[in-house]
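Undergrad: please work out how this folds:
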Amino acid sequence: MELFKRNVNRTHAVALMVFALVAAGAVLFSAGGENTQNPGKISFGQAIGKQAPDFELQDLDGDMARLSGYRGRAVILFFNEGAMCYPGCWNQIAALSRDERLNSDEVVSFSIVADKKSTWDEITQKAPQMKGAKILFDTKKAVSASYDVLSLESSMHPGYYPGHTYFVIDKDGRIVYTLDDPNMGIWNDKLAEIIAKL
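TA: Residues are numbered from 1 along each chain as shown. Got it, this is the predicted structure:
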């Protein structure tokens, strides 16, 4: 009986050691290597001054756009509801992409949607005002989650889709301005003012 108890205790000890090693390995694995889809998470309310989480998303041309690839330029990110949000988001996306103050050698603006690329391929064929829009496809919503925009006041589908949220990121990749807009306004003048101060 004593031998049986010792074997059971030894088995428990080995099981605990294996569990501890697996847990430690999981922590080390998640800490190492950069996940380009969701490398980290920021809190929207405390985002200013923080490094913008890096990401890589497909654009309308089928190319991959990586945020860190735009270091040296200011970047505007506009998270929005996408195709379902007509005409509000469409107007915002079109206005943002056509504004030369917000798209130049010094600054680039992207609209980030959770739609599939094929949805916007159809839209741009039927809606000429959307041609040339700089749209990135966050279909898994991992980037939207990392920027904490899925449950803000402007979201009409809290937890599932972003609403109408802007980030201005400086040339070093730091977030310098945020705006969550439940009214779906066009904020180009304010964004240009922030960019001019960088």
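
Undergrad: give me the low-pLDDT residue ranges for this protein?
TA: 1-39 (pLDDT under 70).

Undergrad: please repeat the previous calculation with a cut-off of 50.
TA: The chain contains residues with pLDDT under 50 at 3-9, 11-38.

Undergrad: which residue ranges form the strands in it?
TA: 56-59, 64-66, 74-80, 107-113, 135-137, 164-169, 175-180 (DSSP state E).

Undergrad: just those strands: most buried one?
TA: The highest mean neighbour count among the strands of the chain, using mean count of other Cβ atoms under 10 Å, belongs to strand 74-80: a mean of 26. Using the backbone N, CA and C atoms, a C-beta is placed for each residue, glycine as well.

Undergrad: who does it pair up with?
TA: Strand 74-80 pairs in its sheet with strand 107-113 (parallel), strand 164-169 (antiparallel), by DSSP bridges.

Undergrad: tell me which of those sits nearest to residue 196.
TA: Closest approach to residue 196 among the strands paired with strand 74-80 (Cβ to Cβ): strand 107-113, 9.8 Å.

Undergrad: of the strands paired with strand 74-80, which approaches residue 41 most closely?
TA: Among the strands paired with strand 74-80, the nearest to residue 41 by Cβ to Cβ is strand 164-169 (13.9 Å).

Undergrad: can you list contacts of that closest one?
TA: By Cβ atoms under 8 Å, 6 or more residues apart in numbering, the surrounding residues in contact with strand 164-169 are 44, 47, 52, 67, 74-81, 88-89, 92, 147, 149, 152, 154, 175-182, 184, 187, 191, 194-195, 198.

Undergrad: returning to that earlier point: mind checking the strands of the chain for the one nearest to residue 128?
TA: Of all these, the one in closest proximity to residue 128, counting by Cβ to Cβ, is strand 135-137 (15.1 Å).

Undergrad: measure how buried the residue lying closest to residue 44 once chain neighbours are set aside is and give me the count.
TA: The shortest distance from residue 44 to any non-neighbouring residue, by Cβ to Cβ, 6 or more residues apart in numbering, is to residue 148 (4.1 Å). When neighbours are counted by other Cβ atoms under 10 Å, residue 148 registers 20.

Undergrad: show me the contacts for residue 148.
TA: Contacts for residue 148 were tallied using Cβ under 8 Å, 6+ apart; they are 41, 42, 43, 44, 47.

Undergrad: and the first one, how far from residue 98?
TA: The one in question is residue 41. Going from residue 41 to residue 98 by Cβ to Cβ, to the nearest Å gives 32 Å.

Undergrad: of the two, who's got more company?
TA: residue 98 (14 against 11).

Undergrad: thought that one was touching residue 132?
TA: Yes: in this structure, residue 98 is within contact of residue 132 by Cβ atoms under 8 Å, at 7.5 Å.
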